[in-house]
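[1] Fold the following, please.
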Amino acid sequence: MLNAHCMKNPKPDHRHEMEAIYAELERRPLPRQCEMRTGCCHFRLAGHTPMLTRGEAFYAAQGVRASGRKALKPHPDGACPLLGRDGRCTIYKHRPFGCRTHFCAEAGGMYPRKHVADLIQRLESLDERLGGSGSRPLEAAVTDALAEL
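    Sure thing, here's the model as predicted:
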């Protein structure tokens, strides 16, 4: 259970740690062919939804706020609620780890775990420090983070 202080004031290191994790991921590019296909963003069709740790959810929520929104609205066709009307990610700079590691088969599939296991451990460690209890589905995780920011 989170204490009230942690819920309303997430630890300030979450943003810096998320940026560090994502910067490290960028330094490890694996061959992929993602060209904004967005097939993986259509969760109902793809058959899976990204799971976010608490740090990822706070970071994504900051992206939502930066895009001018205060809340997520479910996409009518079951797609990612972060897709804009133009079909592009509205929080691309703040997109979650799973979106960055291409769980989309068309783009080359998921990064092999051995290439990102240390980064996943860092996400899990940050989740624990922020009082999280493991990864949660994107929409619920970001909605809760928005309420706590």
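[2] Can you give me the distance of Glu128 to Gly55?
    Note on Glu128: its distance to Gly55, by Cβ to Cβ, to the nearest Å, is 10 Å. Quick note: C-beta positions are derived from backbone N, CA and C, even for glycine.
[3] Neighbour count: these two, which is higher?
    Higher neighbour count among Glu128 and Gly55: Gly55, with 29 against 14, using other Cβ atoms under 10 Å.
[4] so what pLDDT did the closest residue to the more buried one other than its chain neighbours get?
    Sequence neighbours aside, Leu126 is the residue nearest to Gly55 in space, at 4.0 Å (criterion: Cβ to Cβ, 6 or more residues apart in numbering). On pLDDT, Leu126 comes in at 96.
[5] Restrict the one helix or strand Leu126 maps to to CA atoms and write it as CSV.
    Here Leu126, judged by DSSP states H and E, is contained in helix 113-129. Presented in CSV, the C-alpha positions along helix 113-129 are these (Å, rounded to 0.1, in the frame of the first residue of the first chain):
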residue,chain,number,x,y,z
ARG,A,113,15.3,-10.5,-23.3
LYS,A,114,19.1,-11.0,-23.0
HIS,A,115,19.6,-7.6,-24.7
VAL,A,116,17.4,-5.7,-22.3
ALA,A,117,17.2,-7.8,-19.1
ASP,A,118,19.3,-5.3,-17.1
LEU,A,119,17.0,-2.4,-18.2
ILE,A,120,13.9,-4.4,-17.2
GLN,A,121,15.5,-5.0,-13.8
ARG,A,122,16.0,-1.2,-13.5
LEU,A,123,12.4,-0.6,-14.4
GLU,A,124,11.3,-3.2,-11.8
SER,A,125,13.6,-1.6,-9.2
LEU,A,126,12.2,1.8,-9.9
ASP,A,127,8.7,0.4,-9.7
GLU,A,128,9.5,-0.9,-6.2
ARG,A,129,11.0,2.4,-5.0
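[6] Residues contacting it, please?
    11, 13-14, 17-18, 21, 24-25, 28, 30, 53-56, 97, 101, 133-135 (Cβ atoms under 8 Å, 6 or more residues apart in numbering).
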